[in-house]
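In: quick one, what's the 3D model for this:
(2 chains)
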Amino acid sequence: MEKILEVKNIEKYYGNRTNLTKAIDNISFDVEKKEFIGIMGASGSGKTTLLNCISTIDKVTSGHIIVGGEDITKLRGNKLNKFRREELGFIFQDFNLLDTLTCYENIALALTIQKVNPKDINKRVNEISTKLEIKDILKKYPYQISGGQKQRVSSARAIITNPKIILADEPTGALDSKSARQLLENFEFLNQYLEATILMVTHDAFTASYANRILFIKDGKIFNEIVKENDTRKEFFEKIIEVQTLLGGDLNDVL
Amino acid sequence: MMYYKDKNMTFGNSLYFKLSFKNMKKSFKDYTIYFLTLVLGIAIFYMFNSIDSQQAMIKVSESTREIIKLMIQILNYISVFVAIVLGLLIVYASKFLINRRKKEFGIYMTLGMGRRQISRIILLETIFVGIISLVIGLVVGIFSSQFMSILVAKMFEADMSEFQFVFSKQACVKTCIFFAVMYLAVMIFNAFTVSRYKLINLINANKKNEKVKIKNTFLAILIFIFGIGILSYAYWKVTTDISSLTEAKMLLKPILMGVVGTVAIFWSLSGFILRVVQSMKRIYLKDTNMFILRQINNKINTTVISMSIICLMLFLTISILSTALGIRDTMKKELEETTPVDINLYKEANLPETYTDRKGKEIAYNPEVIKDSRKTITQTLQENEADMSVLKDTIEIPIYATNKLTLKDFLGNRFEEFNNKYPFLIYSRLEDIVKVSDYNKLAKLYGLEQQDLKDNEYAVMCDFNNSVNMRNVVLQDRGKLQITGKEYLPKYNECKDGFVMMVGSHSNTGIIVVPDSCNLTEDMIKQYLLAANYNAITEEEKAEVEKQFIYSETEENSKLINNLSKKGIKIDGTSKISIIESSVGVTTIITFIAIYLGIIFLIASSAILALKQLTESSDNKQRYTILRKIGCDEKMINKSLFRQIGIFFVVPLILAIIHSIFGIKFALAVMSELVSANELLPSIIVSAIVIGFIYGAYFFATYFGSKKIIKEES
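Out: Below is the predicted model of the structure:
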């Protein structure tokens, strides 16, 4: 399989010599094309820092991140922005839709800032919104639609640019359980039928259970890794809970 | 116990002091607009109030001094108005600053600080900013007022003996007092605002978001067309259809229509443009254009009124500045042309036995006055002990009139037409008639073109635009005139430039020049006119001579004037000096007040616009963060911010400029005899520079302030 993302021995330090915090402490992993990978960890474990480093919002202290064969830790300035714009798609916990724009415009904006030919934009927006079943809300403004719909619009915006990888940061964090389930089914759809590679950060076991593979992070290190393989989602969910118990029930913490 | 308390007190005080000072340093960029407004306000205030000490250094005549005194009085009143405007502006600005920091105050309050302490922090900050801006504003004001004194000297045609650094203690103290009162008002207002805050609102201050209101685009298009229509009608009314506006009261309608049109345009403009651009997919779906348009569409809804006010204020500023400076220049130029000699004296001739006073009562003239009215001015002067040696180039001519030749007679068969057009003219007025040799004598002295007439010809001297237009119609018809039983034909098809009596503007409504052979008799003499120069070189000597002929209310009058007034003989006079002083004085007062108010309006509108934009940037921060997250780089974000703010600044300016074009046209039409459009050009350029500078400063301060705000971590 083609490797979309290679993370090689990355480290991220905060602070100065006298007071050093290792937010990421030598993490390495690969993500293959069409993979749906989850990253789990408690707050403060370093999962958001990891996501920020991959999304080039933050810079690593050492190590390499290779996306589609290109080392993004070496990118600077405009190239970095171009990379972020063209190779990555983002889905955020709080949707981050622009309240002044209609849903259609929110999705189209991702293309216009890439300077896509205006002629193609309409077609592409219609295409993706049909697939995500949001066609009938395209003319509405974000304040007129539900949280689940918002997150689907947000997903459409992330996928429409055909990014190499979609980064989702707690995508179900602000949704009720029904909407969350619907969204995750959409993710499955994106992953299976649109061949999107998804990297999702979450602390919620149910959300994580939709992924194919899960990395557990604790104190800046990969603590465990489990793969769904042929498990049902329920079995996978139970596995996740097991690992979580292990993670949370660290004896050292009790002592 | 006491000891500890004291220690706490001083600790507390220094804490507040530090906190306030640090806050101010930290939020320096937020304060830019506030600061800019204060400094500009203070500087302008000082400049215009320091005029009285500037006159000390320039040499001006007595009457000019009186005019300056009057001007200072008017400026004093206007300063109170200006102070109120600036005060409101500062209250508005400080409201913005407090809103920006609601969260900060919320944190203080959760830490146990009371409202009173927070008020104290704000108070200290207000004092800090107040004192710093007062000092800087005064320094700027004092230096700029040096240019002001050059301006004052130039405007009052005074000699500036030598450059001297002027400092007006009085203006300085006045500025300090006015601004102290203003700061006090701001402090009270701020304390009041803080006292109404609730902790929960302060903590959640950043989360509150204005609900997005969307307007019906179809309605927007309709309103937009309505706005354009009503504005076009108002423009047409004040320019093309100007003759229908015969009274000041009638201007109210076009003004009101202009205001309504402006509001309508701003209400609908963004919706209209959005609609239009949306249909142009190529532009709409390019870069962040969609976002910018939506931003504007969203915000303009809540800013219709303020945008309209800003636009109208800019319109006032542009029109006031351009026309005020222009009128003065043209007035001055015209004065040089229309005052070719030092003095004109004139006396009524052939007075009847009695005259009717205003109440309709018949009063008999003093027989001595009647007798004198048969004499020439020169004779009268000599008989009344005038020193004729102080005059040179003396020329005296008789002006004739006959009741056989009125304006109605002149107009002939065109009379009905003009009577309908200008019903207020007095058509029974007798026409002034001058013999060509007499006219040529004067024309030579005045430097005007000489006239040569055949025995059956007449010419019309006229330089008042409206009269010229009217008389030219008759002259083109080759209208014949009957004078003393003989028929005369016009020599020219149009009026000739010229006058016999100098008045200081082109307002000679018409003089008929006839050949010497015309049978005008002594009893037809209506008036004697004497023109002369003073036999003096320096301005002082000329002023001395003038005193002998022109009556003064304050100083002791000459023997001649005393003698004449004893007998009741009236010799009127106009002199070059008095014409120049009075016209220069009046225009200068108007100009000064116009510039003062114009600049204050400009500062006020720019500051409001700037603050409005900054407030919005705080709300927009979130949106720009989203743009950044979905992959917009800083360059793109800065570009769209620049465009967004630019549009908000440019749109009211454009509409204001369009308004001004018609406003200035209207002003030109009203004072048609004074100014031509070309002559306004330099002053329009100067106003453009002033407006560009101040407006531009506010624009960039807003842009950089907003950039800072949207970059902040939320």
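
In: contact partners for residue 51?
Out: Using chain A. A:L51 is in contact with A:I39, A:L167, A:D169, A:L199, A:V201, counting by C-beta atoms under 8 Å, 6 or more residues apart in numbering or on different chains. From N, CA and C alone the C-beta is placed, and that goes for glycine too.

In: my question was about chain B
Out: Neighbouring residues of B:I51 by C-beta under 8 Å, 6+ apart: B:I68, B:M71, B:I72, B:L75, B:M148, B:V152, B:F592.

In: check it and give its pLDDT.
Out: Looking at B:I51, its pLDDT is 76.

In: ok but B:M113 is inside a helix, no?
Out: No - counting by DSSP: H, G, I helix; E, B strand; the rest coil, B:M113 falls outside a helix, being coil.

In: what about the helix or strand that contains B:M257, near chain A?
Out: Per DSSP states H and E: B:M257 is located in helix B:252-279. No - residues of helix B:252-279 are not located near chain A by C-beta under 8 Å from any C-beta of the partner chain, the shortest gap being 9.5 Å.

In: of the contacts of A:L51, which belong to strands?
Out: Using DSSP state E, the members of those that fall in strands are A:I39, A:L167, A:D169, A:L199, A:V201.

In: can you report how many residues lie near the third one?
Out: Which is A:D169. For A:D169, the count of nearby residues is 22 (other C-beta atoms under 10 Å in any protein chain shown).

In: identify the bridge partners of it.
Out: As for beta bridges, A:D169 partners with A:V201 under DSSP bridges.

In: that one contacts A:G89, doesn't it?
Out: No - look at A:D169 against A:G89 with C-beta atoms under 8 Å: they stay out of range, at 11.8 Å.

In: related to what we said a few turns ago, closest to B:F143 out of the ones in strands among the contacts of A:L51?
Out: A:D169 (56.1 Å; C-beta to C-beta).

In: for the stretch 151-255 of chain A, which segments are assigned as helices?
Out: Using DSSP state H, counting those that start in this stretch, the helices of the stretch 151-255 of chain A run over residues A:177-193, A:205-208, A:233-248, A:251-254.

In: out of those, deepest packed?
Out: With neighbours taken as mean count of other C-beta atoms under 10 Å in any protein chain shown, the helices of the stretch 151-255 of chain A reach their highest mean count in helix A:205-208, at a mean of 22.

In: per-residue confidence averaged over that helix?
Out: For helix A:205-208, mean pLDDT rounds to 90.

In: what sits up against it?
Out: A:38, A:40, A:171-172, A:177, A:180, A:184, A:200, A:202, A:214, A:237, A:240-241, A:244.

In: let's see it at 7 Å
Out: With contacts defined as C-beta atoms under 7 Å, 6 or more residues apart in numbering or on different chains, helix A:205-208 is touched by A:G38, A:M40, A:T172, A:A180, A:L184, A:T202, A:I214, A:F237, A:I240, A:I241, A:Q244.

In: what does stretch B:125-132 give?
Out: B:S20, B:F21, B:N23, B:M24, B:Y31, B:Y34, B:F35, B:S94, B:Y183, B:V186, B:M187, B:N190.

In: if we can go back for a sec, in the contacts of B:I51, which has the lowest confidence score?
Out: Pick the lowest pLDDT in the contacts of B:I51 and you get B:V152, at 70.

In: reduced to three states, what does it come out as?
Out: helix.

In: what of A:T21?
Out: Relying on three-state DSSP, one would call A:T21 strand.

In: now the closest residue to it other than its chain neighbours: which helix or strand?
Out: Nearest residue to A:T21, sequence neighbours excluded (C-beta to C-beta, 6 or more residues apart in numbering or on different chains): A:Y14, at 4.4 Å. Using DSSP H and E, A:Y14 sits within strand A:3-15.

In: mean confidence for that strand?
Out: 88.

In: what of stretch B:455-473?
Out: On average, stretch B:455-473 scores 88.

In: distance of B:N493 relative to B:L448?
Out: Plainly put, B:N493 is 19 Å away from B:L448 if you go by C-beta to C-beta, to the nearest Å.

In: those two: who's more crowded?
Out: Between B:N493 and B:L448, B:L448 has the larger neighbour count (other C-beta under 10 Å), namely 19 against 10.

In: the more buried one in helix, strand or coil?
Out: Applying three-state DSSP: B:L448 is coil.

In: now it. Nearest residue, chain neighbours left out?
Out: Using C-beta to C-beta, 6+ apart, the closest residue to B:L448 is B:G498 (5.0 Å).

In: what sits against the one you found?
Out: With contact taken as C-beta under 7 Å, 6+ apart, B:G498 is in contact with B:A443, B:L448, B:E449, B:M461, B:D463.

In: now with 10 Å?
Out: B:434, B:439, B:442-443, B:446, B:448-451, B:459-463, B:508, B:511, B:513 (C-beta atoms under 10 Å, 6 or more residues apart in numbering or on different chains).

In: one more: B:A459?
Out: Under the criterion of C-beta under 10 Å, 6+ apart, the neighbours of B:A459 are B:434, B:436, B:439, B:451-453, B:475, B:488, B:490-492, B:494-496, B:498, B:511-515.

In: kindly report the same for B:F315.
Out: Contacts for B:F315 (C-beta under 10 Å, 6+ apart) come out as B:258, B:262, B:601, B:605, B:652-653, B:655-660, B:662-663.

In: and which of those residues is nearest to chain A?
Out: Ranked by distance to chain A (C-beta to the nearest C-beta), the contacts of B:F315 are led by B:P652 at 21.1 Å.

In: pull the number of nearby residues for B:L681.
Out: 12.

In: next one: it from chain A, what distance?
Out: 43 Å (C-beta to the nearest C-beta, to the nearest Å).

In: who does the one helix or strand that residue maps to touch, helix- and strand-wise?
Out: Following DSSP H and E, one finds B:L681 within helix B:677-711. Applying 3 or more C-beta pairs under 10 Å, 6 or more residues apart in numbering or on different chains; DSSP states H and E, one finds that helix B:677-711 contacts helix B:28-49, helix B:304-338, helix B:576-629, helix B:634-670.

In: mind checking which of those is nearest B:I292?
Out: Nearest to B:I292 among these is helix B:634-670 (5.2 Å), distances taken as C-beta to C-beta.

In: could I get the buried residue list for that closest one?
Out: Neighbour-count burial for helix B:634-670 flags B:636-638, B:640-641, B:643-645, B:647-649, B:651-653, B:655-657, B:659-660, B:662-668 (criterion: 16 or more other C-beta atoms under 10 Å in any protein chain shown).

In: near chain A, which residues of the stretch 551-700 of chain B show up?
Out: Counting by C-beta under 10 Å from any C-beta of the partner chain, the positions of the stretch 551-700 of chain B adjacent to chain A are B:620, B:622-637, B:640.

In: can you select the buried ones from those residues in ChimeraX?
Out: This is how ChimeraX selects the buried members of those, with burial counted by 16+ other C-beta under 10 Å:
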select /B:620,622,623,624,625,626,627,628,630,631,632,633,636,637,640
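
In: for stretch B:442-456, C-alpha coordinates in CSV please.
Out: The C-alpha coordinates for stretch B:442-456 follow below in CSV (Å, rounded to 0.1, in the frame of the first residue of the first chain):
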residue,chain,number,x,y,z
LEU,B,442,-12.9,107.6,-16.5
ALA,B,443,-12.0,104.5,-18.7
LYS,B,444,-8.5,105.9,-19.2
LEU,B,445,-8.1,106.4,-15.5
TYR,B,446,-9.5,102.9,-14.7
GLY,B,447,-7.5,101.2,-17.4
LEU,B,448,-10.7,100.2,-19.3
GLU,B,449,-11.2,100.0,-23.1
GLN,B,450,-12.1,103.4,-24.7
GLN,B,451,-15.3,103.7,-26.6
ASP,B,452,-15.9,105.5,-29.9
LEU,B,453,-19.5,106.1,-31.0
LYS,B,454,-21.1,107.5,-34.1
ASP,B,455,-23.8,110.1,-33.7
ASN,B,456,-26.6,107.5,-33.9
